[in-house]
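In: can't give you the sequence, but here's the structure:
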């Protein structure tokens with residue numbers, strides 16, 4: 001059964017829509033390059049992004065491209081622990097931002113799903129994105145989320161069948177993550193044209209906001225996606241910008257992009 005479109009996480013997107021724009025969703029991994037520096041980075045991003053996906057570095061990232069894999073390796077080498085994620089989420093909340101976690105299931109399972117959900121909610125988190133946790137296998141996590149007013153967000157892709165699309169959106173909450181192309185993450189020269197078709201298909205079966213991710217790297221691309229999607233998700237490009245010392249510059253550009261001001 002689909003969750004309420006008025007949840008705390010969905011409100012991030014409906015508030016942006018009320019301003020006549022799409023939401024800007026940014027991804028940064030917790031602990032990269034160190035825990036203290038990652039906190040500084042998310043506090044900077046929180047000044048521009050409507051929602052921050054806090055990544056949990058993992059040793060076997062099947063969906064992540066080279067940029068996110070590298071960032072995860074750096075964080076792990078510098079002593080990142082899963083519990084540090086909660087501190088990063090808390091700092092985003094204290095900075096006036098909104099946060100969800102993006103992770104694989106294994107770190108959550110090892111940490112304890114119920115413990116993770118409780119601590120995430122206490123830190124002000126709004127939900128989770130777990131790409132390798134299918135709705136039909138997510139009963140334990142779904143219960144933990146429901147008990148703590150968190151939304152489990154699920155992904156759909158151009159290859160998702162109509163039947164699968166409907167069952168996925170009905171299981172999720174907050175928003176639907178529409179992956180613009182198949183394969184791993186990473187900034188692209190252009191975002192696949194299939195993304196717009198996927199958003200349209202998804203909207204036929206849900207009233208939840210639909211955000212497009214995988215490949216966005218510029219304000220111009222963000223503006224293009226914002227014309228048809230409720231949110232624009234940016235990850236690898238923000239990590240690259242952070243390494244180059246220009247995170248605030250790119251975040252400002254992307255925030256202008258979702259407003260059509262580029």
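Out: Great, that's in hand. Bear in mind that the values here come from a model prediction, so they are computed numbers and not experimental data.
In: per-residue pLDDT, residue 214?
Out: Model confidence at residue 214, given as pLDDT, is 76.
In: Hmm, it is touching residue 194, no?
Out: No: with contact defined as CB atoms under 8 Å, residue 214 does not reach residue 194; the gap is 11.1 Å. Heads up, the C-betas are built off the backbone N, CA and C, glycines and all.
In: can you give me the strands for this protein?
Out: For the chain, the strands defined by DSSP state E occupy 23-29, 51-55, 99-102, 127-129, 151-153, 155-156, 176-179, 210-213, 231-234.
In: what pairs with the last one, and is each one parallel or antiparallel?
Out: For strand 231-234, sheet partners with direction are given as strand 23-29 (parallel), strand 210-213 (parallel), following DSSP bridges.
In: Just send those strands back as JSON lines, with mean neighbour count and distance to residue 247 too.
Out: JSON lines is the format used below for the strands paired with strand 231-234 (neighbours: other CB atoms under 10 Å; distance: least, CB to CB, whole Å):
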{"stretch": "strand 23-29", "mean neighbour count": "28", "distance to residue 247": "8"}
{"stretch": "strand 210-213", "mean neighbour count": "26", "distance to residue 247": "18"}
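In: closest one to residue 94 among these?
Out: Shortest distance between residue 94 and the strands paired with strand 231-234, using CB to CB, is found for strand 23-29: 16.1 Å.
In: Now find how far off-centre the closest one is within its chain.
Out: 6 Å (CA atoms, centre = their mean, to the nearest Å).
In: Same question for stretch 115-124.
Out: 17 Å.
In: And for stretch 82-101?
Out: 13 Å.
In: Tell me which of the strands of the chain sits nearest to residue 140.
Out: Closest among the strands of the chain, using CB to CB: strand 151-153, at 11.1 Å.
In: re the thing from before, can you put the strands of the chain in a markdown table and add distance to residue 203?
Out: Formatted as a markdown table, the strands of the chain follow (distance: least, CB to CB, whole Å):
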| stretch | distance to residue 203 |
| --- | --- |
| strand 23-29 | 16 |
| strand 51-55 | 19 |
| strand 99-102 | 21 |
| strand 127-129 | 19 |
| strand 151-153 | 16 |
| strand 155-156 | 11 |
| strand 176-179 | 9 |
| strand 210-213 | 6 |
| strand 231-234 | 13 |
